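K.L.:
please find the sequence and the predicted model below.
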Amino acid sequence: MREMSYLSTNPYKGTRDFFPAEKRLQSWMFQKIRNVVSGFGYLEYDGPLFEPFELYAAKSGEELVSQQLYSLKDKGDRHIAARPEMTPTLARMVASRINEEPRPVRWFSIPNCWRYERPQRGRLREFWQLNVDVLGGERRFGDAELIQLAVEIFRAFGGEKFLEIRVNSRSLVDHVFRSEMGLSEVQARAVAKLLDAKDKMKPEEFTGRLAEQGLGASQLGILEKFFATSLETLATDFPGEASAEIVALFATLEKLGVTSTVRFDPKIMRGLDYYTGVVFEAFDVSPENNRALFGGGRYDNLLGLFSKNELSGTGFGLGDVTLQNFLETHGLLPNFESFYDLYCVCADEAAWFAVQRELPAWREAGLRVLMPLALGSFKSQFKEADRFKAPYTLVVGEEELKSGDWVLKDMRSGEQTKLRASELLSRLVVKGSQKS
């Protein structure tokens, strides 16, 4: 007899199964985020998982499109792709209602996204990512609000002391590259990509790659001077509109009380091609998890792909894997109590149906009640209550059914109380059993 070949129980590489405990944790993180972002007046939106391939080819980075994009031809021979990020979809949606939506547009989403890359700590092929964007309004205020909002998210988790947000400006970088160093557009783009990947290269490799782009000694000197400049010397070292914008942004952030978490860093580039103004990247500064956490920036011409309308925006994205790793590192994850409030132990069908008649009122009040689906012995039902970690059991046997006095047992202390069915709800609420 041939042995049956079974399918693997493992998920696709770079993805995760969300069993109830993992899903509960993810939902907890997302609800914390929603509370903060909604408090700033942002509205939640969503879009399709698949978009036309051209949407990403036009506006996402070359590496993302050529190496990381999940793309296919559908049955209508249309070239489509699974979203690797949400900003192009946001731009398409805003452009479709550019004259209908009140401005500034403040939207957020937590979509799942796909990128084909090597799975590693903090980076998977399927992930969920918070995206927060504001389009319209004064640029300085929009940039400052997004940075302030990001800090508040980490404060809500108790992790702001481990956070550092490093800020730069792509328009400042472009000014230095083009006006100060005299680089061509092709050279400037290549150097920006090298700088974004600088930490992944050895110093001699980085210098050699710059030389391959034709940078001479004087240009390298200007680049080193730029890297060494501070916020205090920026306006003097590299005067112009872009440096003035950065100085004004930090003055605004100081008045908002978030400058202890934010600093100017001329090495921050951000890899996506659509950034045009202020860019920022957040890092965990603790040795245990010293890595980038999220990033974002300003884009001025993203809507131009869909119409002649222009609307400047700022946004950032925070991945759920990176956030969870951060929270785990710093011991900021909750110890969840049992999901359930009550397990009902029933002697027979008569008791089972008697409890069922009371359940609608209990559940409407918010109690999470488990009913046995097999009426075994009391001992076996109590074992099931333990397996589900129910904090309370309600015991209804033949005697309890006759007298109307049911038994509520606290599974942690062993305390038992006799009460009428009508008293159960107030007793559990008083004991604090309900959970949000």
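P.N.:
Sure, I can see it. Here the structure is a predicted model, which means the values were calculated and not measured. Residues are numbered from 1 along each chain as shown.

K.L.:
is residue 166 in a helix, a strand, or coil?
P.N.:
Put simply, residue 166 is strand when judged by DSSP: H, G, I helix; E, B strand; the rest coil.

K.L.:
and the nearest residue to residue 420 once chain neighbours are set aside, its phi and psi?
P.N.:
In this structure, residue 420 finds its nearest non-sequential neighbour in residue 404, 5.9 Å apart by C-beta to C-beta, 6 or more residues apart in numbering. Using the backbone N, CA and C atoms, a C-beta is placed for each residue, glycine as well. Residue 404 has phi and psi values of phi 80, psi 0 when expressed as degrees, to the nearest 10.

K.L.:
neighbours around residue 292, how many?
P.N.:
14 (other C-beta atoms under 10 Å).

K.L.:
in this structure the residue nearest to residue 420 contacts residue 421, no?
P.N.:
Yes. Contact criterion C-beta atoms under 8 Å: residue 404 and residue 421 qualify, at 7.4 Å.

K.L.:
among the two, which residue is more densely surrounded?
P.N.:
residue 421 (18 against 12).

K.L.:
quick check: the more buried one vs residue 369, distance?
P.N.:
Distance check for residue 421 against residue 369: by C-beta to C-beta, to the nearest Å, it reads 12 Å.

K.L.:
cool, residue 395 as well?
P.N.:
Using C-beta to C-beta, we find residue 395 at a distance of 14 Å from residue 369.

K.L.:
can you work out which residues contact both of residue 404 and residue 421?
P.N.:
Both residue 404 and residue 421 lack any common contact, where contact means C-beta atoms under 8 Å, 6 or more residues apart in numbering.

K.L.:
low-confidence ranges, the stretch 151-300 of the chain, go.
P.N.:
271-273 (pLDDT under 70).

K.L.:
helices along the stretch 201-350 of the chain, start to end?
P.N.:
Secondary structure of the stretch 201-350 of the chain by DSSP state H, counting those that start in this stretch: the helices cover 203-212, 217-228, 231-237, 241-256, 320-329, 349-364.

K.L.:
got the buried residues for the fourth one?
P.N.:
Neighbour-count burial for helix 241-256 flags 242, 243, 245, 246, 249, 250, 252, 253 (criterion: 16 or more other C-beta atoms under 10 Å).

K.L.:
cool, and the shortest one?
P.N.:
Within helix 231-237, the residues that qualify as buried by neighbour count (16+ other C-beta under 10 Å) are 231, 234, 237.

K.L.:
quick one, strands of the stretch 51-200 of the chain?
P.N.:
Using DSSP state E, counting those that start in this stretch, the strands assigned to the stretch 51-200 of the chain run over residues 71-73, 79-82, 105-109, 112-114, 126-135, 163-169.

K.L.:
let's have the buried residues of helix 231-237 in CSV, adding distance to residue 207.
P.N.:
Formatted as CSV, those follow (distance: C-beta to C-beta, whole Å):
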residue, distance to residue 207
231, 27
234, 24
237, 22
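
K.L.:
which among the residues you listed gets closest to residue 53?
P.N.:
residue 234 (40.3 Å; C-beta to C-beta).

K.L.:
re earlier: can you check which of the strands of the stretch 51-200 of the chain gets nearest to residue 34?
P.N.:
Across the strands of the stretch 51-200 of the chain, residue 34 has its closest neighbour in strand 105-109 (8.1 Å, C-beta to C-beta).

K.L.:
can you list contacts of that closest one?
P.N.:
With C-beta under 8 Å, 6+ apart, strand 105-109 has contacts from 37, 40-47, 86, 90, 94, 130-136, 311, 313.

K.L.:
swap in stretch 164-171?
P.N.:
Residues contacting stretch 164-171 (C-beta under 8 Å, 6+ apart): 147, 150-151, 192, 241-243, 245-246, 249-250, 261-270, 275-283, 285, 297-298.

K.L.:
burial count for residue 12?
P.N.:
That count, for residue 12 with other C-beta under 10 Å as the rule, works out to 9.

K.L.:
which pLDDT does the model give it?
P.N.:
Predicted confidence (pLDDT) for residue 12: 93.

K.L.:
next, the angle strand 105-109 makes with the longest helix along the chain.
P.N.:
Counting residues, the longest helix found in the chain (DSSP state H) is helix 20-39. With axes from the mean of the first three to the mean of the last three C-alpha atoms, to 10 degrees as the basis, helix 20-39 and strand 105-109 are set at 170 degrees to each other.

K.L.:
now helix 20-39: mean pLDDT?
P.N.:
97.

K.L.:
now the angle from that helix to strand 126-135?
P.N.:
With the same axes, to 10 degrees applied, the angle from helix 20-39 to strand 126-135 works out at 0 degrees.

K.L.:
in helix 20-39, which residues are buried?
P.N.:
25, 26, 29, 32, 33, 36, 37.

K.L.:
hang on, the first one packs against residue 333?
P.N.:
Which is residue 25. Yes. Counting by C-beta under 8 Å, residue 25 does reach residue 333; the two are 6.9 Å apart.

K.L.:
what do these two both touch?
P.N.:
Common contact partners of residue 25 and residue 333 (C-beta under 8 Å, 6+ apart): residue 324.

K.L.:
closest one to residue 21 among the helices of the stretch 201-350 of the chain?
P.N.:
Taking the helices of the stretch 201-350 of the chain one by one with C-beta to C-beta, helix 320-329 is closest: 12.8 Å.

K.L.:
run through the strands of the stretch 251-400 of the chain in chain order.
P.N.:
Going by DSSP E, counting those that start in this stretch, the stretch 251-400 of the chain shows strands at 262-264, 278-284, 291-299, 313-319, 342-346, 369-370, 392-396.

K.L.:
just give me the closest of the buried residues of helix 231-237 to residue 187.
P.N.:
Distances from residue 187 to those, taken by C-beta to C-beta, are shortest for residue 237, at 21.5 Å.
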